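A.B. asks: pasting the sequence and the predicted model now:
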Amino acid sequence: MNHTPITRHLPLCAALLAALATPLLQAAPKAQPMVLNGPTAVLSQSSPSGTAQVTVDGAGSFMEALVYTTADDDTYDMSYKSGMYFDGALYGVESVKQSQGNKAKSSYVVGSLQVDLKQALTLGAVAGSYQLKQVYTLTNPGTEPVSVNLMRYNDSDVGDYGYQPAGGRFSYVVSTATPSPESLTRYVGIQLTGGANTMRVVRYCCDNLNDITPEENNTVADDLDGDGVSEASWDKAINNQTTVVVPAGGSAKVHTVTLFGRSALGSLSALPAR
């Protein structure tokens with residue numbers, strides 16, 4: 001995995017975008033290492049601090065989240081791979097419709113469920129941050145309830161420390177455990193809401209998609225003193241998980257937020273907890 005900064009600036013060239021868009025899988029969906037499945041949409045957002053660009057597919061997966069910061073005139077790739085797994089599987093989507101430069105929507109089928117996804121790249125609350133908001137609406141046209149386990153997995157090219165705010169919903173991977181307002185801290189955080197028995201964990205990387213156990217919930221790898229911050233630097237990834245029961249003839253919504261950026265932080269507590 002490449003953790004070095006990308007020195008090009010936004011926007012990306014057409015050749016790079018074409019290289020990211022891999023062909024849609026024709027076989028039945030199955031769990032696999034993270035790749036983009038099918039057509040993509042390039043979502044962009046600007047702020048006083050710079051710009052952000054994320055290339056998403058119709059199922060909400062992405063492999064790049066580029067942040068350009070005017071303060072040091074540099075661009076970083078904030079992600080390596082991120083996706084929403086349904087019972088351990090990623091799904092390919094045949095089309096995704098983009099609008100307004102920062103929004104996209106798509107529809108696909110997971111088993112007996114209809115999934116409608118809306119995605120929007122917006123500004124975060126912290127200066128220099130952006131958030132990819134994704135709303136999954138699950139509709140069950142059948143006559144029996146359907147239960148599905150959803151896991152948002154994110155492996156990020158920002159650093160090797162994990163962080164979880166006490167009592168919060170976000171899990172983060174950060175570039176340093178001791179940020180300073182004199183420098184820019186890189187971070188990616190995941191929030192998952194909706195369903196029942198929602199859990200979060202920061203694990204050692206990579207591709208560990210096992211269900212989160214109650215003992216793992218609200219834990220961070222290498223957190224030796226229980227303060228929610230890693231004491232040791234080692235490649236880490238985020239897993240947030242929930243179980244959704246969609247009633248017969250009804251629907252349910254699951255919300256995910258991926259918060260990422262480069263900011264002058266006085267401490268990690270400056271990052272949103274919920």
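C.D. replies: Noted; the coordinates are in hand.
A.B. asks: next one: phi and psi at L268?
C.D. replies: Dihedral angles of L268 (phi, psi; degrees, to the nearest 10) stand at phi -70, psi -20.
A.B. asks: how many other residues sit next to it?
C.D. replies: Using other Cβ atoms under 10 Å, L268 has 21 other residues around it. All C-beta atoms are positioned from the backbone trio N, CA, C, and that covers glycine.
A.B. asks: okay, and the beta partners of the closest residue to it other than its chain neighbours?
C.D. replies: Nearest residue to L268, sequence neighbours excluded (Cβ to Cβ, 6 or more residues apart in numbering): Y163, at 5.1 Å. On the basis of DSSP bridges, Y163 is bridged to Y172, V229.
A.B. asks: list phi and psi for V174.
C.D. replies: Dihedral angles for V174 - degrees, to the nearest 10 - are phi -130, psi 160.
A.B. asks: what bridges to the closest residue to it other than its chain neighbours?
C.D. replies: Leaving aside its chain neighbours, V174 sits nearest to Y187 (4.5 Å; criterion: Cβ to Cβ, 6+ apart). Beta-bridge pairing of Y187 under DSSP bridges involves V174, G261.
A.B. asks: what's the burial count for L259?
C.D. replies: Here the number of neighbours of L259 (other Cβ under 10 Å) works out to 21.
A.B. asks: same question, L184
C.D. replies: Neighbours of L184 (other Cβ under 10 Å): 21.
A.B. asks: pretty sure it contacts T176?
C.D. replies: No - if you go by Cβ atoms under 8 Å, L184 and T176 don't touch, sitting 10.1 Å apart.
A.B. asks: where do the helices sit along the chain?
C.D. replies: Per DSSP state H, the chain carries helices over the ranges 14-20.
A.B. asks: so where's it shaky on pLDDT?
C.D. replies: 1-35 (pLDDT under 70).
A.B. asks: quick one: the strands in the stretch 151-274 of the chain?
C.D. replies: 161-163, 171-174, 185-193, 196-204, 219-220, 236-246, 251-263 (DSSP state E, counting those that start in this stretch).
A.B. asks: mind putting those strands in a markdown table, distance to S230 included?
C.D. replies: Below are those laid out as a markdown table (distance: least, Cβ to Cβ, whole Å):
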| stretch | distance to S230 |
| --- | --- |
| strand 161-163 | 4 |
| strand 171-174 | 9 |
| strand 185-193 | 13 |
| strand 196-204 | 8 |
| strand 219-220 | 6 |
| strand 236-246 | 7 |
| strand 251-263 | 18 |
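A.B. asks: no further questions, thank you.
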